[in-house]
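Enquirer: take this sequence and fold it.
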Amino acid sequence: MNISTTQAQSRTDTAANTEVGATLLSASTITGDDVYNMQDENLGKITDIMLDISEGKIRYAVLASGGFLGLGDRLFAVPWKSLRQDNEHKRFLLDVDLERLKNAPGFDKDQWPNMADTTWNSTVESYYAR
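Expert: Down below sits the predicted model:
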């Protein structure tokens, strides 16, 4: 997470006595953050946040992956609930292996899908559901 992310107020989970992480962050502190999987492979960076205005919550993090220096990146709308903060390494974790991400429903930076489309939403949500 960007420096301002790590400076955000954190809370402690008293049951496990472990750091849970920041509970209130600005979108600008999350964009640019790295996303890794459980095998410690770099999956890409968060480039945008998609908000569900009607429900007042984050719906997706847009993950850029597969390119070099921002060129040729493929974008993926990852359901926010599929990401987990990794405060120790200042990044996010996604429980998806690299090969599965390559086959995920993605899009080009110049041709974004209609994220309000219920069929598209259902496809993306079910792909990342475990």
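Enquirer: which parts of the longest strand along the chain are buried?
Expert: Longest among the strand segments of the chain by residue count, using DSSP state E, is strand 42-52. Residues of strand 42-52 classed as buried under the neighbour-count rule (16 or more other Cβ atoms under 10 Å) are Leu43, Gly44, Lys45, Ile46, Thr47, Ile49. Using the backbone N, CA and C atoms, a C-beta is placed for each residue, glycine as well.
Enquirer: touching, the first one and Asn37? I think so.
Expert: Yes: taking contacts as Cβ atoms under 8 Å, Leu43 lies within contact range of Asn37: 5.7 Å.
Enquirer: what do those two both touch?
Expert: Leu94, Val96, Leu98, Leu101 (Cβ atoms under 8 Å, 6 or more residues apart in numbering).
Enquirer: surely the second one meets Ala104?
Expert: Yes: applying Cβ under 8 Å, one finds Val96 in contact with Ala104, separated by 7.3 Å.
Enquirer: when those two are compared, which one has more neighbours?
Expert: With neighbours defined as other Cβ atoms under 10 Å, Val96 and Ala104 compare such that Val96 has more, 24 against 17.
Enquirer: let's have the buried residues of strand 42-52 in a markdown table, adding pLDDT and distance to Ala116.
Expert: What follows is the buried residues of strand 42-52, written out as a markdown table (pLDDT from 0 to 100; distance: Cβ to Cβ, whole Å):
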| residue | pLDDT | distance to Ala116 |
| --- | --- | --- |
| Leu43 | 95 | 26 |
| Gly44 | 94 | 24 |
| Lys45 | 95 | 25 |
| Ile46 | 96 | 21 |
| Thr47 | 94 | 20 |
| Ile49 | 94 | 16 |
